[in-house]
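[1] got a predicted model here, sequence first, then my questions.
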Amino acid sequence: MFGLGFTATAAVSVGAVDAIYWGEPFFSLRHSVDFTLTRQMSTRGFQPWYEYSRAIPAWTNIGVAALAVYATVKLRLWLLAAWTWIPMFTLSVLPHKEPRYLVPILPYFSMLAAAGLLQTIVWLRRAPVVDRDGRRSRAAMVLTMTAVAVLVTEPLDYVLPRTNEGIKVAQYIAANGPTDGVLAEPAWNVGGRLYLQRANPFLDIDPGQMRDRTQIDRAIRTPGVTWLVLQDHDIRSFQYEALILAADFEPVALSGLNVSSYRLYRRR
């Protein structure tokens, strides 16, 4: 029963979010499976199955991870554990891994860690007047040192939010041609359909597809496409400038937007 409920909830959540973000249910799931599993491609390489364990400092810290594992093993909080570890195991099977993929499970992971911390505090408070074997004293010292270390080092992992260059380009297009067709490399870098809800058509180009000159030529000539948002290093690496100009596009100056990673073109 739990498995059915878990699957149904996940399916509804992913379908709904993709429909809002991409304008099509299960768009990201289908493209992820096709790009990563079917075609065995990755724009950022492949990582070993234990990558999320090795990269713990990139998405949490050792103390919090230990509390979450403790809550799973000792407290047997199977429901929270399932929402935490099953997705992590599934993501570990995929060839390409990034810490940001774990963001959806962090609430459940945090609840596990909080339960582990609470149980540890309760155990410490039950200590007898005389701690003969010293276990609770040592545990209290370790817990205190861990908490202090987390409080001292955690702020170092935060950075001031920055405006993504792709989002700036999307906002520019939305202000100057909200219903025009857009081709973006890749579409998620410009915020999917969050900023370009009325764009028609709205086409996505994977960076891995940029090597296929014939496919790119066909894509940029798609009827209705008015804007091209392409990564600057790919334009230079594959020498697409002449191809784009020949398809009747002209470059749009983005000097005022402080954008250097992308090039924007508009059909004449």
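    Thanks, I have the structure now.

[2] low-scoring pLDDT stretches of the stretch 51-200 of the chain, where are they?
    127-134, 149-163 (pLDDT under 70).

[3] tell me where it has helices.
    Under the criterion DSSP state H, counting those that start in this stretch, helices of the stretch 51-200 of the chain are mapped to 51-54, 56-59, 62-70, 78-93, 106-125, 135-153, 165-176.

[4] in the longest one, what counts as buried?
    Spelled out, that is helix 106-125. For helix 106-125, burial by neighbour count (16 or more other C-beta atoms under 10 Å) applies to 108-113, 115-117, 120. In short, each C-beta sits where N, CA and C put it, glycine included.

[5] next one: the second one
    With burial defined by 16+ other C-beta under 10 Å, the residues of helix 56-59 counted as buried are Trp59.

[6] quick one: the buried residues of helix 106-125 as JSON lines, columns for distance to Tyr50 too.
    Listed next are those as JSON lines, based on distance: C-beta to C-beta, whole Å:
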{"residue": "Tyr108", "distance to Tyr50": "21"}
{"residue": "Phe109", "distance to Tyr50": "17"}
{"residue": "Ser110", "distance to Tyr50": "22"}
{"residue": "Met111", "distance to Tyr50": "24"}
{"residue": "Leu112", "distance to Tyr50": "20"}
{"residue": "Ala113", "distance to Tyr50": "20"}
{"residue": "Ala115", "distance to Tyr50": "25"}
{"residue": "Gly116", "distance to Tyr50": "22"}
{"residue": "Leu117", "distance to Tyr50": "25"}
{"residue": "Thr120", "distance to Tyr50": "26"}
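
[7] what about the helices of the stretch 51-200 of the chain, which gets the closest to Ile244?
    helix 165-176 (15.5 Å; C-beta to C-beta).

[8] center of this structure, which residue is that?
    Centroid check for the chain by C-alpha atoms, centre = their mean gives Arg100 as the closest residue, at 4.0 Å.

[9] quick one: residues contacting that one.
    The contact partners of Arg100, by C-beta atoms under 8 Å, 6 or more residues apart in numbering, come to none.

[10] and the gap between it and Tyr52?
    11 Å (C-beta to C-beta, to the nearest Å).

[11] and for the two, which residues touch both?
    Common neighbours of Arg100 and Tyr52 (C-beta under 8 Å, 6+ apart) do not exist.

[12] may I see the helices of the stretch 51-200 of the chain arranged in CSV, with distance to Val12 as well?
    Shown next, in CSV, are these (distance: least, C-beta to C-beta, whole Å):
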stretch, distance to Val12
helix 51-54, 26
helix 56-59, 25
helix 62-70, 26
helix 78-93, 15
helix 106-125, 17
helix 135-153, 35
helix 165-176, 27
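
[13] of these, which is nearest Ala247?
    Among the helices of the stretch 51-200 of the chain, helix 165-176 sits nearest to Ala247 (C-beta to C-beta), with 17.8 Å.

[14] mind listing what the nearest residue to Ala58 once chain neighbours are set aside touches?
    Excluding the flanking residues, the one nearest Ala58 by C-beta to C-beta, 6 or more residues apart in numbering is Pro99, at 4.3 Å. Pro99 is in contact with 52, 55, 58-59, counting by C-beta under 8 Å, 6+ apart.

[15] who's the closest residue to Ala187 other than its chain neighbours bridged to?
    Leaving aside its sequence neighbours, Ala187 sits nearest to Asp204 (C-beta to C-beta, 6+ apart; 3.7 Å). Judged by DSSP bridges, the bridge partners of Asp204 are Ala184.

[16] please name the residues that touch Asp180.
    173, 199, 226-227.

[17] please name the bridge partners of Tyr262.
    Counting by DSSP bridges, the residues bridging with Tyr262 are Gln231.

[18] now swap in the one 4 residues further on and tell me
    On the basis of DSSP bridges, Arg266 takes part in beta bridges with Trp227, Glu250.
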